[in-house]
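3D, please:
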Amino acid sequence: MNILLIGYGKMGKAIEAIAIERGHSITGKADNPEELLKFNSTADAAIEFSQPDAVIDNLKFCFDKKIPVVCGTTGWLGRKHEIESLCTQKKAAFFYASNYSLGVNLFFKLNEYLAILMKGRKGYEISIDETHHTQKKDAPSGTAITLAEGIIKNNPSKKGWALNKASNPEELPIRSFRIDPAPGTHTVHYNSAVDDVLIQHTAHSRQGFALGAVLVAEWLAGKTGVYTMDDFLKF
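As a prediction, this is how the structure comes out:
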């Protein structure tokens with residue numbers, strides 16, 4: 001399979017190594033929309049891990065070229081509905097996940113189940129902590145937002161989330177920390193006067209994220225439509 005890499009930072013290099021190890025070819029690399037416009041080869045799939053200010057142009061390029069695109073960039077989700085509509089209009093293929101690690105996606109499901117179990121349990125304050133390396137520019141992380149959305153969907157005591165400090169009891173605070181070297185730790189807290197209930201996922205390296213992205217690209221090649229990890233993992 002020929003893969004176009006969009007975003008050639010640490011994650012892009014980790015994806016490249018795993019893709020080659022799995023027998024794929026890297027047909028192009030681009031770090032920004034200007035470099036991407038110079039790409040005139042063919043690709044069976046693109047894997048996009050760039051920057052929030054570049055992701056929209058990158059995705060539009062892939063849709064126009066009919067290149068199925070796997071996106072892991074966070075910090076732009078206010079325009080996700082627009083991109084999904086454009087993908088459908090263009091009859092292209094788009095796959096977005098805030099995290100491509102299998103362990104994290106199992107963690108998402110555990111988080112939703114715990115939110116259901118804790119529904120109506122008075123006295124517990126819910127919060128999320130996320131810690132990443134200092135090069136991560138957006139806060140909170142996309143993974144933390146997905147965790148918050150899973151709680152909000154399943155626990156009516158929370159109607160929204162807030163960065164670092166909630167302004168009212170219906171907001172779920174997400175505390176963001178940037179410390180090197182930290183690939184990513186996410187902790188969901190249920191704290192009360194009598195006990196604490198916590199679930200946590202800690203990434204030891206980028207390998208799990210990179211492998212997941214390559215596996216999804218293999219799965220997405222040749223498809224059209226909008227997909228998520230629920231489609232890939234068949235939860």
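
Which parts of the chain are helices?
10-21, 33-36, 55-65, 80-90, 102-118, 142-154, 207-220, 229-233 (DSSP state H).

Would you quantify the distance from the residue of the chain positioned farthest from its centre to Asn2?
What lies farthest from the middle of the chain is Val194; by CA atoms, centre = their mean that is 34.4 Å. From Val194 across to Asn2, the span is 57 Å (CB to CB, to the nearest Å). Heads up, the C-betas are built off the backbone N, CA and C, glycines and all.

Tell me who's in contact with the residue nearest the centre of the chain.
What sits nearest the mean C-alpha location of the chain, by CA atoms, centre = their mean, is Ser98, with 1.1 Å. By CB atoms under 8 Å, 6 or more residues apart in numbering, the contact list for Ser98 reads Gly72, Thr74, Ser141, Gly142, Thr143, Ile145, Thr146.

Now the helices of the chain in CSV, please, with extra columns for mean neighbour count, mean pLDDT and distance to Gln200.
Shown next, in CSV, are the helices of the chain (neighbours: other CB atoms under 10 Å; pLDDT from 0 to 100; distance: least, CB to CB, whole Å):
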stretch, mean neighbour count, mean pLDDT, distance to Gln200
helix 10-21, 18, 95, 22
helix 33-36, 16, 93, 37
helix 55-65, 20, 97, 28
helix 80-90, 15, 97, 27
helix 102-118, 17, 95, 8
helix 142-154, 21, 95, 11
helix 207-220, 22, 95, 15
helix 229-233, 16, 93, 20
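
Out of those, flag the one nearest Phe49.
Closest approach to Phe49 among the helices of the chain (CB to CB): helix 10-21, 4.5 Å.

Could you list the residues in contact with the closest one?
For helix 10-21, contacts defined as CB under 8 Å, 6+ apart pick out 3, 5-6, 8, 26, 29, 47, 49, 72, 135, 206-207, 209-211, 213-214, 217.

Recalculate using a threshold of 10 Å.
Helix 10-21 is contacted by residues 1-3, 5-8, 24-26, 29-31, 45, 47-50, 70, 72-73, 100, 133, 135, 183, 205-215, 217-218 when judged by CB atoms under 10 Å, 6 or more residues apart in numbering.

what's the burial count for Glu170?
Using other CB atoms under 10 Å, Glu170 has 13 other residues around it.

Might one say that it is in contact with Ile151?
No: contact criterion CB atoms under 10 Å: Glu170 and Ile151 do not qualify, at 11.9 Å.

Touching both of the two, which residues are there?
Ser157, Lys158.

Quick check: Ile128 touching Ala148?
Yes: between Ile128 and Ala148 there is a contact at 6.0 Å, judged by CB under 10 Å.

Kindly give a single PyMOL line that selects the buried subset of the contacts of helix 10-21.
Selecting only the buried entries of the contacts of helix 10-21 in PyMOL, with 16 or more other CB atoms under 10 Å as the criterion:
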select buried, resi 1+2+3+5+6+7+8+24+26+29+30+31+45+47+48+49+50+70+72+73+100+183+206+208+209+210+211+212+213+214+215+217+218
